[in-house]
Every structure is written in structure tokens, then in C-alpha cells.
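Visitor: For reference, the sequence and a predicted model appear below.
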Amino acid sequence: MAKFPINAIVKLNQPHATGKGVVMAIYPEHEDKPVSYLVDWDDGGRGIHDENKLCWAAITHPVLHRN
């Protein structure tokens with residue numbers, strides 16, 4: 001089961017990570033691979049990340065994502 005729903009605001013689970021992103025898609029668990037997420041980052045980047053690499057982000061200002 002996915003920890004983050006679509007449109008959740010997340011950040012990388014690293015001490016110095018500052019960017020925030022929006023979950024755009026969820027890829028279910030498969031064999032030995034954990035749940036992963038397609039995230040659109042606030043700097044315009046996009047990436048797929050395993051669930052254990054992400055955490056909830058504190059929202060201090062709106063996050064805009066591009067379609």
C-alpha cells in the first residue's frame with residue numbers, strides 16, 4: 001500500500017534536501033522493489049523515487065507544478 005497519495009507534497013529524505021515536489025503517479029510494489037513514485041520537483045525536474053527515499057514536506061508556501 002502506498003504511503004503517499006497522488007498530489008501529496010514530499011521532499012527527499014536527506015538532511016540537507018530543501019526542494020519540494022508533488023507526487024504525480026504511484027508504481028506499486030513489484031517482486032523485491034518497493035513502492036515508487038513519479039515526483040515533479042519545484043525546480044522543474046522530474047524523477048522516480050522509492051518510497052523509503054521520500055518523506056512528507058512541511059508546506060510553508062504553495063508548490064506550483066507544471067502540466
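Guide: Thanks, I have the structure now. Residues are numbered from 1 along each chain as shown.
Visitor: Go ahead and confirm residue 17 touches residue 11.
Guide: Yes. Here residue 17 reaches residue 11: they are 5.4 Å apart, a contact under Cβ atoms under 8 Å. (C-beta placed from N, C-alpha, C; glycine too.)
Visitor: neighbour count winner among these two?
Guide: Neighbours of residue 17 and residue 11, each counted by other Cβ atoms under 10 Å, are more numerous for residue 11; the result is 18 against 13.
Visitor: and the more buried one, what are its bridge partners?
Guide: In this structure, residue 11 has beta-bridge partners residue 55, where bridges are defined by DSSP bridges.
Visitor: contacting residues around it?
Guide: Contacts here follow Cβ atoms under 8 Å, 6 or more residues apart in numbering; on that basis residue 11 touches 17, 18, 19, 20, 21, 54, 55, 56, 57.
Visitor: Pull up the gap between residue 11 and residue 32, please.
Guide: With the distance defined as Cβ to Cβ, to the nearest Å, residue 11 ends up 25 Å from residue 32.
Visitor: now do residue 55
Guide: As defined by Cβ to Cβ, residue 55 lies at a distance of 22 Å from residue 32.
Visitor: who has more neighbours, the two?
Guide: Under the neighbour definition other Cβ under 10 Å, residue 55 and residue 32 were set side by side, and residue 55 has more, 15 against 5.
Visitor: And the more buried one, how far from residue 30?
Guide: Per Cβ to Cβ, residue 55 is found 22 Å from residue 30.
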